[in-house]
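In: with the input below, show me the fold.
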Amino acid sequence: MKTWSMGVIGLAGLAAIIAATYSSPAALLGVAGLTALGTGIGWPYFLGIPAKKTLAALIGLPGVGSAIAATYLPAPGFLDWTPSFIAAGVTAIFVMQLLRGTGQAQRLESTLGSCAGVMLSCLGAGWIASSRFNGVREMVLVAAISSAIALLAGLIRWPDRVVAPLGIIGAGLAGPLAGLVFSDIAVLPAALVGVVVGSVLVSFRRLVVLRGETLDLPAALGIGLAPVSAVGSLAYFIDKLLMY
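Out: So this is what the prediction gives:
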C-alpha cells in the first residue's frame, strides 16, 4: 500500500468516531475499542519489530481498558485510570522483553517503540472524555474536522516542506470555522485545537515518509489510527483548559 493509505485509514477512523459520538455511548466505546486494537495490531508491523502478535495484545488491550474506564468513570475524572493503563502496558512490555532474554534482535527498538504504541492506544479514550465533558460534543466535531483537513493535506504528493505548513495552517483555519458553523465554541480554543492536531498529524506523515517503504495493510492500519487516537486526548485537554 502507498503512503497515502495512512490518510485514508485516518479519515475512515474519524468518520466512525463522529458517527458513534452522535449515536450512543456504547457505539463510541465500540469504535474507541476497535481503534485501540487496530493501533495495537498495526504498530509493531509499522515499526518492523519481532514478536508482533504478543506486542499487538500488549499495546491494544490497555487502550481498550482505558476506553472502558473513560465510558463509565464519573465526571470529572474520565481519564483518571488512563495513566494506570499506560503504566500497566509499559510494565508488561518490559516483562515480555526480559522473558525474551538477552541478545534478541531489535530489543531496544522494540521496547521503546512499543511503549510509545501503548501511550497512543490509551490516548484514544480522550474521544470519549471529550464527548462526555459537560455533555458537549461540539469539540469532538471541531477536532475531527481539523484532523480531516490535515489528513487531506497529507494525501497530496508534495514535499513535506510544502505539505506540513499547508496541513497545519489548514487545520488551524478549519477549527475556528467549524466552531462558528456548528457550535458556539470560542475562536481561540478552536484555533488552538486545529493547530495542535494539524501538527501532530503532519508529524506522523513525516514518519511514514522517513520509513521509505511501502506499507502493508497492518502497518497502514497502525500508523493511520495511532495519530487519530492521540488527537482525542489533545482535544479534550485543550477543551478543559481553555473553555472552563
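
In: so which elements touch the longest helix belonging to the chain?
Out: Across the chain, the longest stretch assigned as helix under DSSP state H is helix 217-243. Contacts defined by 3 or more CB pairs under 8 Å, 6 or more residues apart in numbering; DSSP states H and E place helix 217-243 against helix 5-21, helix 25-47, helix 107-123, helix 125-132, helix 138-154, helix 187-211. Any C-beta I mention is one placed from the backbone N, CA and C, and that applies to glycine too.

In: next one: it to chain centre, how far?
Out: 3 Å (CA atoms, centre = their mean, to the nearest Å).

In: list the buried residues of it.
Out: 218-240 (16 or more other CB atoms under 10 Å).

In: what residues sit buried inside the helix or strand containing Val95?
Out: Using DSSP states H and E, the element containing Val95 is helix 82-100. For helix 82-100, burial by neighbour count (16+ other CB under 10 Å) applies to Thr82, Phe85, Ile86, Ala88, Gly89, Val90, Ala92, Ile93, Met96, Gln97, Arg100.

In: name the helices or strands packed onto it?
Out: helix 52-72, helix 107-123.

In: for those helices, give me CSV that also has mean neighbour count, distance to Ser147 and mean pLDDT.
Out: Shown next, in CSV, are the helices and strands packed on helix 82-100 (neighbours: other CB atoms under 10 Å; distance: least, CB to CB, whole Å; pLDDT from 0 to 100):
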stretch, mean neighbour count, distance to Ser147, mean pLDDT
helix 52-72, 22, 18, 96
helix 107-123, 22, 13, 93
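
In: how about those helices in CSV, adding distance to Val31?
Out: Supplementary listing: the helices and strands packed on helix 82-100 in CSV, determined by distance: least, CB to CB, whole Å:
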stretch, distance to Val31
helix 52-72, 9
helix 107-123, 14
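
In: how about these, which one is nearest Ala143?
Out: When the helices and strands packed on helix 82-100 are compared by CB to CB, helix 107-123 sits nearest Ala143, at 12.6 Å.

In: quick one: that closest one to helix 187-211, angle?
Out: Calculated by axes from the mean of the first three to the mean of the last three CA atoms, to 10 degrees, helix 107-123 forms an angle of 150 degrees with helix 187-211.
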